[in-house]
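S.K.: only geometry, no sequence info:
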């Protein structure tokens, strides 16, 4: 149904926008996906990195090679060498491991620094490397495999010595940070000795440099047990100052991070950390970096305040839950009202069949005898499902909830096969076994012969329907400029709800929602539907009918009507007249023209 024209004034020229209301749609509505809060503390993270092949290769000075050592291997002059007496395989949390012929790793030996995994001596001519890595254990921090983030700190030091120690530096206490977009950095404190190829006599201990970026990462996929990623190198450029210029062309052109290169210039190793056009360039790209840990998942758990000797006539219990966190597609809705969104969990008291779990293929009828049900959801999703009137309770970002349930029993229910208890399971069509819990409930006098005769149920009758009170759903009039915005205000034509349903044994409820499409002009210009907001209002209704929450335009800090928003809802069969004040706030830079949008009204009953 097309509405009348909505106009916005600009330079004395009106533009138009049309809001149309679609036919009754029993389709899905939208909700906001909550932020993940699946942080897990870890204390056993392992850092595993060989830096690059050049750090484990033969050096060009006769009889020398590049190597890794645990701890700090100190020296008094550039003529000092790393020897079997001062080299360290392990110190504190740090170990130096050597790759074996079968691909595994074992504790390194000093003799093995000169050979590859097969035992062949490494030379500058054969291009082999010793295959050593540094491994630092006992890393602590937090990881969130759902969000893909990590913050881990290690304690320990290892030395990277080139030319058997003519030049050497060390890396202390690496720290890893990974963001949700898969990017990350490794920082550390750097130390070493200042040397120069142009001045053989220069040898001085450098002041420690803290929080130096030693690796940047992209495409990190944080899993429950770790990840492996090759740090950025290829295609990266650095400024070398007066040092050897970087060669930026060729298959191996690249560089370690600028702060790391800057420090290595002081040690005399600068050109070994970026492509300089020499034969060693093929060995300079970063080696894969692995991080492993044990991140125990937080399993959903439920606690019930009272589970035995409950009053058969009725009693209120408190149910608390923890660990009810998003788990990707498994906890995403497959049907309205939360299609494509995090579904939370139903928390219900009732009598279910012995085989009731959706994950085991049990039909909905196995969960049919529900006495009281709440729906644990993030607060931002409550309006979508009808709010507290529809049973919505808050599921906090840390996966916890608290629900109050009324439990009672009748002889009629006692005669049904099944088990009384508090049950939880995923909502909105999702099937996720960890959310499926059962806590048995028993009542006082369970062995008594009890009968309760209810009022005779009548057959359901009546019908539910809605319609606009007029032929035009909305008229926003002509927009006026207010500072950097153009604003048009108006009213949604009243919606008349008729509801004559009665009888049966179940409550009759309903909700009316609306969602606007993007505004488009005949000239092809568009602006988003979230610039349109509304304030629902009840014109005439009974006590069971409540208006939906006000939804301001995104220009006013709200979320707008680009997603489905509740106009009104009722907890019982009730007629009503409902409406809304509309406000369109658009940027003053919006091109002039006649704009049209369609408003789809959705009724759920």
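M.R.: Perfect, I can see it now. Please read all numbers here as calculations on a predicted model, not as lab measurements. Numbering: from 1, shown residues only.
S.K.: only C-alpha atoms from now on, for both contacts and neighbour counts.
M.R.: Noted.
S.K.: look up which residues are beta-bridged to residue 604.
M.R.: When bridges are assigned using DSSP bridges, the partners listed for residue 604 are residue 511.
S.K.: dump the residue contacts of the residue nearest to residue 286 when sequence neighbours are not counted.
M.R.: With Cα to Cα, 6 or more residues apart in numbering as the criterion, residue 286 has its nearest non-adjacent residue at 4.7 Å, and that residue is residue 52. Contact partners of residue 52, counting by Cα atoms under 8 Å, 6 or more residues apart in numbering, are 283, 284, 285, 286, 287.
S.K.: the third one reaches residue 255, doesn't it?
M.R.: Yes - Residue 285 is in contact with residue 255 according to Cα atoms under 8 Å; the separation is 7.4 Å.
S.K.: which among the contacts of residue 52 gets closest to residue 401?
M.R.: Proximity of the contacts of residue 52 to residue 401 (Cα to Cα) peaks at residue 287, which lies at 45.3 Å.
S.K.: pLDDT score for that closest one?
M.R.: Confidence per residue is given as pLDDT, and for residue 287 that number is 97.
S.K.: repeat that for the one 3 residues further on.
M.R.: Taken from the predicted model, the pLDDT recorded for residue 290 is 97.
S.K.: residues near the nearest residue to it once chain neighbours are set aside, how many?
M.R.: Distances taken as Cα to Cα, 6+ apart place residue 228 nearest to residue 290, at 4.2 Å, with adjacent residues excluded. Burial of residue 228 is recorded as 16 neighbouring residues (other Cα atoms under 10 Å).
S.K.: returning to that earlier point: out of the contacts of residue 52, who's nearest residue 583?
M.R.: Distance to residue 583, by Cα to Cα, is smallest for residue 286 among those, at 56.0 Å.
S.K.: where's that closest one relative to residue 530, distance?
M.R.: Taking Cα to Cα, to the nearest Å as the measure, residue 286 falls 46 Å from residue 530.
S.K.: got it, and residue 245?
M.R.: According to Cα to Cα, residue 245 and residue 530 sit 53 Å apart.
S.K.: what do you get for residue 169?
M.R.: To residue 530, residue 169 is 56 Å away according to Cα to Cα.
S.K.: cool, and residue 516?
M.R.: Counting by Cα to Cα, the gap between residue 516 and residue 530 amounts to 8 Å.
S.K.: can you list residues touching both of the two?
M.R.: What both residue 516 and residue 530 touch, as defined by Cα under 8 Å, 6+ apart, is the set 561, 562, 563.
S.K.: could I get these as a markdown table with pLDDT?
M.R.: Conversion of these to a markdown table gives the following (pLDDT from 0 to 100):
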| residue | pLDDT |
| --- | --- |
| 561 | 94 |
| 562 | 93 |
| 563 | 93 |
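S.K.: now name the helix or strand holding the residue nearest to residue 290.
M.R.: Under the assignment given by DSSP states H and E, the secondary-structure element containing residue 228 is strand 226-229.
S.K.: pairing partners for that strand, with directions?
M.R.: Its sheet considered, strand 226-229 pairs with strand 289-292 (antiparallel) by DSSP bridges.
S.K.: for the partner strand, the distance to its chain's centre please.
M.R.: Averaging C-alpha positions (Cα atoms, centre = their mean, to the nearest Å) puts strand 289-292 21 Å from its chain's average.
S.K.: what distance separates the helix or strand that comes right after that strand from the centre of its chain?
M.R.: Moving toward the C-terminus from strand 289-292, the next helix or strand (DSSP H and E) is strand 301-304. Relative to the mean C-alpha coordinate of its chain, strand 301-304 is positioned 25 Å out (Cα atoms, centre = their mean).
S.K.: what does stretch 301-311 give?
M.R.: Counting by Cα atoms, centre = their mean, stretch 301-311 is centred 33 Å from the centre of its parent chain.
S.K.: can you list the buried residues in that stretch?
M.R.: Neighbour-count burial for stretch 301-311, with 16 or more other Cα atoms under 10 Å as criterion, is recorded at 301, 302, 304, 310.
S.K.: let me know the average pLDDT across that stretch.
M.R.: Mean pLDDT, computed over stretch 301-311, is 93.
S.K.: you'd agree the residue nearest to residue 290 is up against residue 222?
M.R.: No - applying Cα under 8 Å, one finds residue 228 not in contact with residue 222, separated by 9.0 Å.
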